[in-house]
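Colleague: Following is a predicted model, sequence given first.
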Amino acid sequence: MSTLDPADWSALRALGHQMLDDMVDHLATLREGPVWRPMPAPVCEGFTAPIPALGTPPEALYARFQTDIQPYVTGNTHPRFMGWVHGGGNPVSMLAEFLAGAMNANCGGRDHAGIAVERQVIGWAAEMLGMPAQTTGVLLTGSSMANFVAVLCARYKALGQQGRREGVQGAKLTAYASAGVHRCVPGALDMAGLGSDALRRIPVDENFQMDLPALRAAIAADKAAGCAPFLIVGTAGTVDVGAFDDLTALADIAVEEDAWFHVDGAFGALAVLSPALKPATAGIERADSVAFDFHKWAQVTYDAGCVLVRDPAVELATFAQATNYLAAAPRGLAGGAPWPCDLGPDLSRGFRALKVWMTLSAYGTEALGRVVDDTCALAQRLAAAISTSNRLTLLAPVKLNIVCFGVAGFTDAQTENLVADLQEEGLFAPSTTTINGRLAIRAAIVNHRTSADDIDALVAEILRRA
């Protein structure tokens, strides 16, 4: 008989203990290494070899991991990683990944503890955001898929079962979001068969919020042209500058227009965990659906996205399918309906909920709320240092944890080179964006390990180079 289990478990046990010890040491000593380093050409070439016919001992594979993989990953665990919006992970979540791997549970459906854990996580998420107790949802790879699920639910509300059977069939459905909307929203409309042109990008005001009169005008123009406004997307924390749309006003307009109200809260939704910042999220509790990520401000290891849907019947009707080979039963392992595969696009799903459940349980919402507050305070510290410098310039208001700034006299090319130099030298990893036509250095402070010393060191290093 052929099996992939070892004949003697002792060697694998020893290797596993070594891996755990090494990874704990890795997290404990992050500051001692570079934030990021480019992969040398020989390492890159090593990943072009053909698939092996014969196996390699796990000990040799782990040695390869240590030399060719571990040193060259993204670096977002490092306290001086400040690019894009990447969470730093946490050690309890790391351990949960190991446990989930050992269980190898398929959480697409059936009646087992993995499903119960996910349902509790969804219930906790709804509670955090103030949504009704009956709110449903699923965990996904990230907000890109969560926004896609929301668009499909909105499409179902507009077209019903006929839309599932026959497709859009020329229906002129139109959606609305601010000009700062994340790329995944037009992508979701594209994947849903509506086309990215169905999205109306509404101008923003001086606070980078969606301009409400412009929204009303766009809706009126579309209705006059025979279009059917079906979806209004509010953003809680734009990726460029961290701005919040007026969610309460958008909810009101959605009610007036009988449109689905969705909130893309990829990272900003979790501002609800901060008593000081929660007022910015007002109106999110009225959403028909919300997309957000646990792997950002909540510091769960990648990946851990979430979608919440206010009306369970709509989510179920959007995704459920009847098949003999996946029929639910009143008892036994096939019990527990509805299953997660009835609420989202994935049938085969890993035990993603365990690391979220363990993170929320281990730290609690108060500690995670303090992480939100601390990272925003660090952003204000960076903004203050920029404001008092005669070489640095703030390019956007600092509302949350994102700071966009430039170096006086620098061209876009010089800014781009400065950021790349900081990254390639392993010192810091900010990213860039364009604000009012100018390339900006963008520091998104998301990592719970980042300190005031890191902020001060970033400013000092940029000034030294400027």
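Modeller: Looks like it arrived, so ask away.

Colleague: Walk me through the domains of the chain.
Modeller: 9-74, 101-360, 365-465 (automatic domain parsing).

Colleague: First residue to last residue on the longest one, what's the distance there?
Modeller: To tie it back to what came earlier, the one meant is domain 101-360. 19 Å (Cα to Cα, to the nearest Å).

Colleague: Tell me which residues touch the residue nearest the centre of the chain, please.
Modeller: In the chain, the C-alpha closest to the average C-alpha coordinate belongs to D293, at a distance of 3.7 Å (Cα atoms, centre = their mean). Residues near D293 by Cβ atoms under 8 Å, 6 or more residues apart in numbering: 87, 142-143, 146, 266-267, 304-306. C-beta here means a position set from N, CA and C on the backbone, and glycine is covered the same way.

Colleague: Then G187?
Modeller: 144, 148, 196.

Colleague: roughly how far apart are it and L20?
Modeller: Distance of G187 to L20, given as Cβ to Cβ, to the nearest Å: 38 Å.

Colleague: Equivalent analysis for A150, please.
Modeller: From A150 to L20 the distance is 38 Å (Cβ to Cβ).

Colleague: what does A228 give?
Modeller: Taken as Cβ to Cβ, the span from A228 to L20 is 55 Å.

Colleague: So the nearest residue to E257 once chain neighbours are set aside: helix, strand or coil?
Modeller: Once flanking residues are discounted, E257 sits nearest to P229: 5.3 Å by Cβ to Cβ, 6 or more residues apart in numbering. Secondary structure state of P229, per DSSP: H, G, I helix; E, B strand; the rest coil, is strand.

Colleague: For P229, list the residues it contacts.
Modeller: Contacts of P229 (Cβ under 8 Å, 6+ apart): 173-176, 219, 222-223, 257, 259.

Colleague: Redo those as CSV? Include distance to D111 and secondary structure.
Modeller: Compiled in CSV, the contacts of P229 are given as follows (distance: Cβ to Cβ, whole Å; DSSP: H, G, I helix; E, B strand; the rest coil):
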residue, distance to D111, secondary structure
L173, 37, strand
T174, 41, strand
A175, 37, strand
Y176, 41, strand
I219, 45, helix
D222, 46, helix
K223, 47, helix
E257, 41, helix
A259, 37, coil
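
Colleague: what would these look like in a markdown table with distance to A327?
Modeller: Listed next are the contacts of P229 as a markdown table, based on distance: Cβ to Cβ, whole Å:
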| residue | distance to A327 |
| --- | --- |
| L173 | 33 |
| T174 | 38 |
| A175 | 35 |
| Y176 | 40 |
| I219 | 43 |
| D222 | 42 |
| K223 | 43 |
| E257 | 39 |
| A259 | 35 |
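
Colleague: ok, how many other residues are close to the residue nearest to L159 when sequence neighbours are not counted?
Modeller: Computed as Cβ to Cβ, 6+ apart, the closest residue to L159 that is not its neighbour in sequence is A171, at 6.3 Å. A171 has 18 neighbours, counted by other Cβ atoms under 10 Å.

Colleague: just E461 next, same as before
Modeller: Residues near E461, counting by other Cβ under 10 Å: 17.

Colleague: List the contacts of A7.
Modeller: With Cβ under 8 Å, 6+ apart, A7 has no contacts at all.

Colleague: Relative to R349, how far out is it?
Modeller: 32 Å.

Colleague: So for the closest residue to T136 other than its chain neighbours, what pLDDT did the model give?
Modeller: Spatial nearest neighbour of T136, excluding adjacent residues (Cβ to Cβ, 6+ apart): P312 at 4.3 Å. pLDDT, P312: 97.

Colleague: Touching, P312 and G137? I think so.
Modeller: No - between P312 and G137 there is no contact, the gap being 9.3 Å when judged by Cβ atoms under 8 Å.

Colleague: Find residues that contact each of the two.
Modeller: Between them, P312 and G137 share no contacting residue, judged by Cβ under 8 Å, 6+ apart.

Colleague: For the two, work out which one has more neighbours and name it.
Modeller: G137 (29 against 15).

Colleague: of all the contacts of P229, which two lie farthest apart?
Modeller: Pairwise distances across the contacts of P229 peak at 13.7 Å for A175 and K223 (criterion: Cβ to Cβ).

Colleague: which one of the two has more residues nearby?
Modeller: Legend: neighbour count by other Cβ under 10 Å for A175 and K223, higher for A175 (28 against 13).
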